[in-house]
Each structure stands twice: as C-alpha cells, then as structure tokens.
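Participant: what follows is a predicted structure for the sequence shown.
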Amino acid sequence: MKKYEYTEKKDTRSGFGAGIAELGKTHPNVVALTADLAGSLKLEAFIKDNPERFVQCGIAEANMIGVSAGLTIGGHIPFATTFANFATGRVYDQIRQSVAYSNKNVKICASHAGVTLGEDGATHQILEDLGMMKMLPNMTVINPCDYNQTKAATIAIADHVGPVYLRFGRPVIPVFTPADQKFEIGKAWTVNEGSDVSIFCTGHLVWESIKAGEILAAEGIEADIINIHTIKPLDEEAILASVKKTGCAVSAEEHMISGGLGDSVAHVLAQNFPAPLEYVGVHDTFGESGTPDQLMQKYGLTADKIVEQVKKVMGRK
Amino acid sequence: MELEQLEHIATAVRRDIVRMVAAVNSGHPGGSLGCTDFLVALYFDIMKLKKEADGTPIFDMDGRDEDLFFLSNGHISPVFYSVLARAGYFSLDELSTFRKLNSRLQGHPTTAEHLPGIRIASGSLGQGLSVASGAAYSKKLNGDTNHVYVLMGDGEQQEGQVWEAAQFAPNKKLGNLTAVIDFNHAQIDGKTDYVNNNRDLGAKYRAFGWHVDEMQGNDMADVIKTLKKAQEDPDVPTLILMHTEMGFGVDYMVGSYKWHGVAPNAEQLTQALNQLPLSVGYSDY
C-alpha cells in the first residue's frame, strides 16, 4: 500500500474558491454567480478582484440557471454556485432545458453535497445529485476528493467547452493529493495498485478508501484503489482493466447507491466483464441532523465499512 | 421597411403557420397568429442584425454586436420558424419539415438541431426572461450596446421563475432588455382570468422597477412605434403588454382559446388561406 500523508485538513469548497480566484486572474470571460451564498461558496477572493464579474442573484436559483445560460451568449463562462440541493433538484428542469439540452457552456458548482453537510439535516443533504446530473445528455459530472483536486478541477472545467456539474463539500478533510496535479476530465486516478480487489471511490470517500487500503494491507490484502473524480464521462477503460486484474470490486461514495458511481460501475461490469460488486453508499433513505463524523458512521460511509464490503465481495469471487 | 410591405410579410407568415400546423395535424396556431405582427416587425424593421453585403443574415451563437430575440413561450414555434425563414436564416422549403422526424424544426425550438436563428431551447415555460436577462448582462459586460428582446405568454406569467427574473433585471439595471407579454387572455384550459387570473400585470412589473408600456399587437404601426420607444432608458428594462387576439387573421380562430394547440382540418385550412391572400411578390413555401 502506497503511503499517503497529510499535513493539514481543508474543505473542498475552499479548493473551489481558490480555483475560481485563479480563474479570475487568467480567464477574463469567467463570471461567478450565486444565490445568496457567496460566503459559503468561498467567492470572496474572486469578488474582491473582479466585482464586475460577480452576479448576485439573490435567493432565486431557477433564475440564476437561466441567467447563466444567457451569459454564455456573448461568450462568457458562468460558474453558477449554491448548495448541491438547490443547484440540482430544485432547478432540474431549468438545467435540463436551458443548459443541457441547449448545450450551454455553464458550470454548475455545488457545495455542501451529501450527509457531511451535517446539522442542517435532510432538507439540505442531497444524495441524489450525481444521479440526476449524470442522466442529462451533454452534462459532464465531476466529484473531486480533496482541496487540491477540487482547485485543479475548478480550473480545468473552465477550458472544457460544455455544461459541467462540479460537486464538493463542506467539512474539512485531509489534503493528500499534490498541489501541482494535472486534472484530466474523464481520466481516473490510480491511488494504489493491488491485485486482490478494486475499490472505486469518489469525493470524500477517497480518503476513507485510503484508510481502508491500509487496514487491508496490514491483513495481507492488496487493493487496487481508483479515484473516479469524473463520474461522467466514466473512465470505463480504467475500471475494466482493474477488475480484470482483481476479479471483484467495491464502490464507495457519499451518495445514494441508486444512481451513483456504484450504479455506473455496475453498468460497465454487467456489459463487459461480469464480476461481483458491493456498494458503500446510502441505501434509499434521507439523511438527518448530526455532526459530519456521526453521519458518516451512521450511514456506513467509513473505512471500516469499505473493509467489510471488500471482505464480502472477495468471498463472492 | 414600409408598413405595407411588413403587412404583406405578416400575411405570408400567417399562411405558413396554418399550413405548417395543418400538414402535421399538430402544433399551436392561435398564439402564433396573434404574435405574427410583432415578430415580423422585430425581424424586418426593429432589430439590428448582422448581415452579409447581399442581405443574407449571419448567425452565430454568441450574437455579439447585434440585437437578440428569445422566444420564451416556445409552443408558438410556427411563427418563429416562418419569420426566421422569411428573414433568410434558412430555406423557406424547410418549413415543410415542421414537427416531422429528423427535422431541424422541432415541435418546440431547440439548439440541438443547429437551426440558425435559435440560441436557446424553449418549451418548458417560464425560463426565457431569465435567459434574456443573462444575455443582456453579457452584452453589458462586453460593452455591446445592442438590445435584447424576449417574448412571453400571459399564461406563462403564472410560472414562479418569471418573477425571479422580474426582480433581477431592474436590480441589474438592464436597460438593454425589452420583455413583451402576449396579452391575449387565453391559455390551454381556458381564459387566463378563469384559469389563474394574472390581475394587474403592469402594476406588478412597475412595482419591481420596470418601465411598463402597452401596445396593440395586431396593429403593425403601433407595434413599431412602441418598440422603438422601449430602448430609451439605458438603466431600466421595459415591459410591454402586447394586446393581441389569439388566432388573429383567421375568423373562426379569433379570440378562442380552443385554437391554442389544435390544427385546422383540410376544409378549415382552405377557409383560412382564403382569408389570407398573398400579395404580389410573396409566395408560399
């Protein structure tokens, strides 16, 4: 097991804030929009440097999506920001018609995704967003794993032409990927090479997968750990190459199992290389109030749960 | 353009509308006929559009340095398609593919088929004012002084997103935006006053900070006069209540919400075409 160290913990949304601040300097056509959540989305630095390119929409997410679609006409690259629930479920039809079907170069940037939003409870903890967004034709869906990767992804999507859904979170988590990483949309990142089991992980569950990998290594199980930061387009080649080597897989995500990364992996396997697959994710339930750590425990989004599922799936080989 | 000439074009467009809808026994003739004069005025007289030296329109998605139009109530696509074709964006012949398989002329407008003249999909109501506001904002950022127009239905005013955008545009000082409401008092299920009364739309927009004007949408001279006036204030958007009659030009359709989304049969089509005589120099598709 490759060793991953971290010296600090940071939130992925701050990675987004740092990324868009940099885009403010390098991309004169980038415009940031928000629906009364500029502080939560860490837009301060961008706003300070580019006040004229910041559009405060107020608490009106549907309008923000439409305004974003309109801004692309004239050559701007809008980054529409709010909490993941309000960035997707609340405005699904607006995204569907004005952004995805119209194929507009809008970047929907969603923070506070998943149960790690914590105490605010289920109304704010969307667990269906990846599914909704990946079902939309033309939409690229990205879910980075730490501060550095979120910053790199934010910068990368500005140069990708077409609608993008970028998802990140609120809690502080270990920063373990390099600051100077190259972020390639659609290209999975192999965290660790192993031949016993494949672990396909995304977002906050990548660090949990690394911890699980260490626990497994101590028991003599070597896991192939692959960070699927791009949910769509999915790196099918990387998934198949890994499972052909290991013969079984576990998916791990802070999302509903139905419609999430695990569903996408299952589809690839069923079509190309049927192999046992177990899931780590939320099973058909809404979240609730609690601290992020308590919620990750309660809903089984932990290294221990990944280890448990690995053992289960290896028994099915 | 001369008023008389615009009226000849409007008649040709109305013939296109009833023929297109009748040919596939599907589509929305009522609102299309009511909004014909407005769209003809816009594309043939009001809007500053990019054109080649020979008058052929130049279309690009960015639409910089030209006026832009967005159709929010996408179901009146027949009038939009006909006006775009007659303005030279694509061949008149293509109107015969309306709502047929593999056509660029989808039932509701789309960018997916790359039909020149269309910059946003519409059909699901309530989104156009937001998109037009974004495009107007984009022009301001670009230092582009051209104007943005959007047409909505009066039934569409029942959508909540319209009021999000109605707050946004004056707050962002989008004086380069003119929104027009087809005020025909009719929607699918009946009279708008019966389905969900809009009450005083003008007062509502005025309260949000818009300039509000009215015009007779089936009087070409009044449409042109009112639209020209709408561009005067650089900081305040304009909302125009356009009084029209659904089905204008075809006597058995006039004023009847029943013709919102119903096609005329062969006999009714002949009757309609007889009421819309082509002028010399204009032809059917």
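Facilitator: Right, received. Where do you want to start?
Participant: so what's the nearest residue in space to A:T291 that is not next to it in sequence up against?
Facilitator: Excluding its sequence neighbours, the residue lying closest to A:T291 (CB to CB, 6 or more residues apart in numbering or on different chains) is A:G118, at 5.8 Å. Yep, even glycine has a C-beta here, placed from its N, CA and C like the rest. Shown in contact with A:G118 (CB atoms under 8 Å, 6 or more residues apart in numbering or on different chains): A:R170, A:P171, A:S289, A:G290, A:T291, A:P292, A:L295.
Participant: closest to chain B out of the residues you listed?
Facilitator: If you rank the contacts of A:G118 by distance to chain B using CB to the nearest CB, A:R170 comes first, at 25.6 Å.
Participant: just give me the neighbour total for that closest one.
Facilitator: 23 (other CB atoms under 10 Å in any protein chain shown).
Participant: that one against A:V115, yeah?
Facilitator: No. With contact defined as CB atoms under 8 Å, A:R170 does not reach A:V115; the gap is 10.5 Å.
Participant: what about the longest helix seen in chain B, average pLDDT?
Facilitator: Secondary structure assigned by DSSP state H gives helix B:3-24 as the longest helix of chain B. Mean pLDDT, computed over helix B:3-24, is 98.
Participant: so what secondary structure elements neighbour it?
Facilitator: Counting contacts by 3 or more CB pairs under 8 Å, 6 or more residues apart in numbering or on different chains; DSSP states H and E, the secondary-structure elements packed against helix B:3-24 are helix B:29-34, helix B:36-41, helix B:77-86, helix B:220-229, helix B:266-274.
Participant: and the second one, how far from the chain's centre?
Facilitator: This means helix B:36-41. For helix B:36-41, the separation from the chain centroid amounts to 7 Å (computed by CA atoms, centre = their mean, to the nearest Å).
Participant: quick check on A:Q309: phi, psi?
Facilitator: phi -70, psi -30 (degrees, to the nearest 10).
Participant: return the residues in contact with it.
Facilitator: A:V250, A:E278, A:Y279, A:V280.
Participant: which ones are touching the closest residue to A:G58 other than its chain neighbours?
Facilitator: In space, and not counting its chain neighbours, A:G58 is closest to A:D36: 5.7 Å by CB to CB, 6+ apart. For A:D36, the contact set (CB under 8 Å, 6+ apart) comprises A:Q56, A:C57, A:G58, A:I59.
Participant: out of the contacts of A:Q309, flag the one nearest to B:S96.
Facilitator: Distance to B:S96, by CB to CB, is smallest for A:Y279 among these, at 52.1 Å.
Participant: ranges for the strands of the stretch 51-200 of chain B?
Facilitator: Here the stretch 51-200 of chain B has its strands, by DSSP state E, counting those that start in this stretch, at B:68-71, B:148-153, B:177-183, B:186-187, B:190-191.
Participant: closest one to chain A among those?
Facilitator: Comparison of these against chain A by CB to the nearest CB identifies strand B:68-71 as nearest, at 7.0 Å.
Participant: contacts for the closest one?
Facilitator: Here strand B:68-71 makes contact (CB under 8 Å, 6+ apart) with A:70, A:73, B:42-43, B:47, B:77, B:80, B:109, B:119-120, B:122, B:128, B:131-132, B:135, B:139, B:146-151.
Participant: count the neighbours of residue 75 for me.
Facilitator: Defaulting to chain A. As a burial measure, A:G75 scores 16 neighbours (other CB under 10 Å).
Participant: um, chain B though
Facilitator: Using other CB under 10 Å, B:H75 has 22 neighbouring residues.
Participant: residues in chain A within reach of chain B, list them.
Facilitator: Residues of chain A lying near chain B by CB under 8 Å from any CB of the partner chain: A:31, A:52-53, A:55, A:57-58, A:60, A:62-76, A:78, A:93-94, A:96-98, A:101-104.
Participant: give me the subset of the residues you listed lying in helices.
Facilitator: Secondary structure from DSSP H places A:62-72, A:93-94 of the residues of chain A next to chain B in helices.
Participant: residues in contact with the most centrally placed residue in chain A?
Facilitator: Among the residues of chain A, the one closest to the centroid is A:N143, at 1.5 Å (CA atoms, centre = their mean). A:N143 is in contact with A:A113, A:L130, A:R167, A:F168, A:T202, A:G203, A:H229, A:T230, A:I231, A:E253, A:L261, counting by CB under 8 Å, 6+ apart.
Participant: please consider this matter closed, and thank you.
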